[in-house]
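Engineer: fold the following for me, if possible:
(2 chains)
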2 protein chains.
Amino acid sequence: MKIDLAFTPFELDKKDLQEKTVVVIDTLRATSTMIVAFENGCSAFIPVSTIEEARRLAEEKKRPDLLLGGERGAMPVEGFHLGNSPRNYLPQKVRGKTVVMTTTNGTRALVSARRAAEVFIGAFLNLSALGQRLKETKRDILIACSGEKGLFCLEDTVCGGAIVDYLEKSGLPLLRSDSAMSAKILYEYFEGDIYGMLVASEWGQYLESIGLGKDVRICAQIDSSRLVPVYREGKIFLDR
Amino acid sequence: MKIDLAFTPFELDKKDLQEKTVVVIDTLRATSTMIVAFENGCSAFIPVSTIEEARRLAEEKKRPDLLLGGERGAMPVEGFHLGNSPRNYLPQKVRGKTVVMTTTNGTRALVSARRAAEVFIGAFLNLSALGQRLKETKRDILIACSGEKGLFCLEDTVCGGAIVDYLEKSGLPLLRSDSAMSAKILYEYFEGDIYGMLVASEWGQYLESIGLGKDVRICAQIDSSRLVPVYREGKIFLDR
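Structural biologist: You can find the predicted model right below:
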């Protein structure tokens, strides 16, 4: 089985996804936030690329169970019900709700990943559960990092490396690409202090600087969830 | 001083280069081949994007000192005087000559790097000389990896990490981006066996498989040259 990793959505676009299982990662914060939301009873996410698209969709559907969520430059969007902080997605707010979500980086990778046979949502929060689910797949695996404004970011890569590491340790015979091997090496380097890595990363530093350090701590909680959301037919939800 | 690294020409295009010193790396093989050619008395390279452009330029100039060099998919181009193997660029062939050069990956990064204040050519072959030259610059540094067909490749990243390592060890106070830090970590991992890393890389394996393993060995000769070619006004040459 082959395992590959795309550092950015641009690289993802250049790869053949049709027969692949793709894992989309946006550790700080979109995919971590989604996992927290599902833990709190959220029904689904509908990822869209733009703020306008999110507003239009909510307007069209006029469903009382529909909420608008997301960010631009880590800041909440005017008129949206929810930002992109895991601390926003409390049970009383999201239970039974569907969130139309738009974020700077995570959404872009998700939209690109739609071409794949199967798409999972990954973060440090659901690492082992995700690894177990991936062990069931018979397809080649591609880890899709969201990156930061289309460029490499450390935290998604290290999280991707953690997935490679999990699968290798579980005895799965893997043929690693240069990028998957590199991510694994970076994971091994930071393995002992994932929170420290997140804080030291460029985006982690930015989040700290605008007072969102608590979110970084939440995103570092390895294996706090057993949930593995899937992205299918335009929706992110739990299929088990 | 800031130090940043672009894994691919696409990432390079998204970065502000105007006030920066850029190092272009295409370890396997374009920048290594250039350094060998300069050691053998070559006068200059003129990098161009396409085979047609190379032919047209040679036709226009009709200079007897002009040679055509390069590759597509690691194979020589029909009618060209030289391929992209360092073993092609022998003194009797290249002394006093200017080579119009087009390669799949290296040329693309060079063309993108033109916007920078200053551009150097780097490889394992001139690592220390390059590091010394970079210590003189007062500008922020950006290492531009050529990658492989627009995607990440291990060997350029590890070579970039070696440059970061050299500059840090020389005591230069550096502010590293996520990518520069990651490249340094990857370099530290492979430091003891650069040749082994080149052979294990995807592109290195491909070169081996088509009988070009000898080239890989040449490209692993760390510090075999003291030359640091510059890329200025469309030409690569030695300014010292």
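
Engineer: within range of chain B, give me the residues from chain A.
Structural biologist: Contact residues (Cβ under 8 Å from any Cβ of the partner chain) of chain A with chain B: A:7-8, A:10-11, A:14-15, A:148-154, A:157, A:177-179, A:181-182, A:185-186, A:189, A:201-202. For the C-beta atoms, the positions are set from N, CA and C on the backbone; glycine is no exception.

Engineer: which among these count as buried?
Structural biologist: For the residues of chain A next to chain B, a burial check counting by 16 or more other Cβ atoms under 10 Å in any protein chain shown picks out A:7-8, A:10-11, A:15, A:148, A:150-154, A:157, A:177-179, A:181-182, A:185-186, A:189, A:201-202.

Engineer: return the set of buried residues in the helix of greatest length in chain A.
Structural biologist: Longest among the helix segments of chain A by residue count, using DSSP state H, is helix A:154-169. The neighbour-count check on helix A:154-169 (16+ other Cβ under 10 Å) flags A:154-167 as buried.

Engineer: tell me the mean pLDDT over that helix?
Structural biologist: Mean pLDDT, computed over helix A:154-169, is 98.

Engineer: so which of the residues of chain A next to chain B belong to strands?
Structural biologist: Applying DSSP state E to the residues of chain A next to chain B, no entry is found in strands.

Engineer: mind listing what the residue nearest to A:E53 when sequence neighbours are not counted touches?
Structural biologist: Spatial nearest neighbour of A:E53, excluding adjacent residues (Cβ to Cβ, 6 or more residues apart in numbering or on different chains): A:T102 at 7.0 Å. By Cβ atoms under 8 Å, 6 or more residues apart in numbering or on different chains, A:T102 lies in contact with A:47-51, A:53-54, A:69-70, A:77.

Engineer: would you map the strands across chain A?
Structural biologist: A:2-6, A:20-25, A:44-47, A:66-72, A:75-76, A:98-102, A:118-122, A:140-145, A:175-176, A:230-232, A:235-237.

Engineer: between those strands, which gets nearest to B:I25?
Structural biologist: With respect to B:I25, and counting by Cβ to Cβ, the nearest of the strands of chain A is strand A:2-6 at 20.7 Å.

Engineer: tell me which strands that closest one pairs with, and in which orientation.
Structural biologist: Using DSSP bridges, the strands paired with strand A:2-6 are strand A:140-145 (parallel), strand A:175-176 (parallel).

Engineer: kindly export stretch A:19-33 (C-alpha atoms) in CSV.
Structural biologist: Extracted in CSV, the C-alpha atoms of stretch A:19-33 (Å, rounded to 0.1, in the frame of the first residue of the first chain):
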residue,chain,number,x,y,z
GLU,A,19,-8.8,5.5,-6.2
LYS,A,20,-7.4,7.0,-3.0
THR,A,21,-8.3,7.4,0.6
VAL,A,22,-7.6,11.0,1.6
VAL,A,23,-7.2,12.4,5.1
VAL,A,24,-7.7,16.1,5.3
ILE,A,25,-5.8,17.8,8.2
ASP,A,26,-6.1,21.4,9.5
THR,A,27,-4.8,20.9,13.0
LEU,A,28,-4.9,24.6,13.9
ARG,A,29,-7.9,24.7,14.0
ALA,A,30,-10.6,23.6,11.5
THR,A,31,-10.4,19.8,11.7
SER,A,32,-9.8,19.9,15.4
THR,A,33,-12.8,22.1,15.9
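
Engineer: quick check: mean pLDDT across it?
Structural biologist: On average, stretch A:19-33 scores 97.

Engineer: again, but for stretch A:128-146
Structural biologist: 96.

Engineer: repeat for stretch A:57-73
Structural biologist: pLDDT averaged over stretch A:57-73 gives 91.

Engineer: take it and give me the span from its first residue to its final residue.
Structural biologist: Stretch A:57-73 stretches 22 Å from its first residue to its last (Cα to Cα, to the nearest Å).

Engineer: next one: stretch A:134-150
Structural biologist: 26 Å.

Engineer: please enumerate the helices of chain A.
Structural biologist: Listed from the start of the chain, chain A has helices (DSSP H) covering A:9-13, A:30-39, A:51-61, A:91-94, A:106-113, A:127-136, A:154-169, A:178-190, A:194-200, A:202-209, A:213-219.

Engineer: and for the first one, what are the contacting residues?
Structural biologist: Contacting residues not belonging to helix A:9-13 are listed as A:6, A:105, A:108-109, A:112-113, A:142, A:144, A:146-147, A:150, A:179, B:8, B:10-11, B:150-152 [Cβ under 8 Å, 6+ apart].

Engineer: kindly report the same for the fourth one.
Structural biologist: Outside helix A:91-94, the residues within contact range by Cβ under 8 Å, 6+ apart are A:37, A:40-42, A:67, A:81-82.

Engineer: neighbour count added to these, as a markdown table?
Structural biologist: Formatted as a markdown table, the contacts of helix A:91-94 follow (neighbours: other Cβ atoms under 10 Å in any protein chain shown):
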| residue | neighbour count |
| --- | --- |
| A:A37 | 30 |
| A:N40 | 16 |
| A:G41 | 15 |
| A:C42 | 28 |
| A:L67 | 21 |
| A:H81 | 18 |
| A:L82 | 24 |
